[in-house]
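Engineer: Below is the structure, and that's it, no one-letter string:
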């Protein structure tokens, strides 16, 4: 009877070579994977932007139009390909809006690069005071950081409002619109505290108030929508901590109740005026240009307004004649200040 020992050794030898070959295959596969990552790390990206100490945003060439988040410690990409990621989040926030390759918006954690809320919205805005606005079925609603819809998508909007409003909560209130693009305010439960009846509501401003506008007039309200000064002025705007109101080409500094603090202001320093024949501008005429929100007017040396700041251009012709232009392409006309 023949021995089976040679056949057994042959099988063992074949198995050993098979295991060795598999090990070599796995080794080179891992090496190839590392080299692929190295090539991705060293490739020439359209731009690279550090998110924090461990994460970086890489954007491929413009014709490919995608970004990915790269972990500098593990040397691995930790996010899928995305069209874009919003990096304009408040300090301390980790969730931010991203747009997937299908054009849908969701939310990604900027500390980890992990998708937290899958892209399922047509539009989305970054979180403010724990809530983020989302747009679905032609309406605006709000979700929490867990992705739960705490204020249903019930507020109609328009493309104009989508591009104009930030849909952010400030001191517990947010501006929303109706289907006619009229603005109102809601609180964090979704209750309308100011009806959607105004052409626009701005805020918050650095003055700590909201400015609202309707039918060409401006007014002031507190952050919660309480009106402190009704619609009256042609324009109200905030600069620094100061409120300025414009009425018939005259700019005044006011408080939030409309009380006049300074009865005459100019956006820039007064500029002396000269006659056209005074090429060297050596002899000022005693009149000065003043400026109100990009428009020009004239005051005399006593500070009295002789031409309100409602014109785009003002030139002095002689001691009492001025030519003015209303609008950039409007006609010129002459004003006699002695009449």
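Structural biologist: Thanks, I have the structure now. Since the structure is predicted, the reported quantities are computational estimates derived from the model, not experimental observations.

Engineer: Tell me the spacing between the most centrally placed residue in the chain and residue 98.
Structural biologist: By C-alpha atoms, centre = their mean, the chain has its centre lying nearest to residue 166, at 6.8 Å. Look at residue 166 and residue 98: by C-beta to C-beta, to the nearest Å, they are 18 Å apart. Using the backbone N, CA and C atoms, a C-beta is placed for each residue, glycine as well.

Engineer: do the same with residue 116
Structural biologist: 10 Å.

Engineer: So for these two, which residue has more residues nearby?
Structural biologist: residue 98 (25 against 16; other C-beta atoms under 10 Å).

Engineer: List the contacts of the more buried one.
Structural biologist: Going by C-beta atoms under 8 Å, 6 or more residues apart in numbering, residue 98 touches 82, 84-86, 105-108, 115, 119.

Engineer: If any of these are buried, put those into a ChimeraX selection.
Structural biologist: Restricted to buried positions by 16 or more other C-beta atoms under 10 Å, the ChimeraX selection for the contacts of residue 98 reads:
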select :82,85,86,105,106,107,108,115,119
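
Engineer: Give the residues shared as contacts by residue 116 and residue 98.
Structural biologist: 106-108.

Engineer: doesn't residue 161 fall inside a helix?
Structural biologist: Yes: membership of residue 161 in a helix is supported by DSSP: H, G, I helix; E, B strand; the rest coil.

Engineer: Check the residue lying closest to it once chain neighbours are set aside and give its pLDDT.
Structural biologist: With sequence-adjacent residues excluded and distances taken as C-beta to C-beta, 6 or more residues apart in numbering, residue 161 is closest to residue 177, at 4.5 Å. In this prediction, residue 177 carries a pLDDT score of 91.

Engineer: Could you pull out the buried residues of stretch 191-204?
Structural biologist: 194, 196, 198, 200-203.

Engineer: Look up how far residue 74 lies from the closest residue to residue 331 other than its chain neighbours.
Structural biologist: In space, and not counting its chain neighbours, residue 331 is closest to residue 325: 7.3 Å by C-beta to C-beta, 6+ apart. Distance, residue 325 to residue 74, using C-beta to C-beta: 64 Å.

Engineer: quick one, helices of this protein?
Structural biologist: For the chain, the helices defined by DSSP state H cover 5-42, 159-164.

Engineer: what's the least confident stretch among these?
Structural biologist: helix 5-42 (a mean of 56).

Engineer: Low-confidence regions, this protein specifically.
Structural biologist: 1-46, 61-64, 89-93 (pLDDT under 70).

Engineer: per-domain residue ranges of it.
Structural biologist: What automatic domain parsing lists as the domains of the chain is 45-121, 202-265, 271-336.

Engineer: Let me have the ones you listed in CSV, extended by distance to residue 138.
Structural biologist: Shown next, in CSV, are these (distance: least, C-beta to C-beta, whole Å):
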stretch, distance to residue 138
domain 45-121, 12
domain 202-265, 24
domain 271-336, 36
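
Engineer: about what we covered before: quick check: beta-bridge partners of the residue nearest to residue 331?
Structural biologist: Following DSSP bridges, residue 325 is listed with bridge partners residue 313, residue 332.

Engineer: now residue 321
Structural biologist: Assessed by DSSP bridges, residue 321 has beta-bridge partners residue 336.

Engineer: And for residue 247?
Structural biologist: With DSSP bridges as the rule, residue 247 is bridged to residue 250.

Engineer: how much space between it and residue 226?
Structural biologist: For residue 247, the distance to residue 226 - C-beta to C-beta - is 23 Å.

Engineer: Enumerate every residue touching residue 177.
Structural biologist: 155-158, 161, 165, 183-184, 196.

Engineer: nearest spatial neighbour of residue 101, skipping sequence neighbours?
Structural biologist: Residue 101 sits nearest to residue 81 (C-beta to C-beta, 6+ apart), 5.8 Å away.

Engineer: my guess is residue 79 contacts residue 68, does it?
Structural biologist: Yes: counting by C-beta atoms under 8 Å, residue 79 does reach residue 68; the two are 5.6 Å apart.

Engineer: picking up where we left off before, which one's more surrounded, residue 325 and residue 74?
Structural biologist: residue 325 (16 against 10).

Engineer: Provide the partner residues of the closest residue to residue 115 other than its chain neighbours in its beta bridges.
Structural biologist: Spatially, and ignoring its direct neighbours in sequence, residue 115 is nearest to residue 108 (5.4 Å; C-beta to C-beta, 6+ apart). Residue 108 has the following beta-bridge partners by DSSP bridges: residue 96, residue 115.
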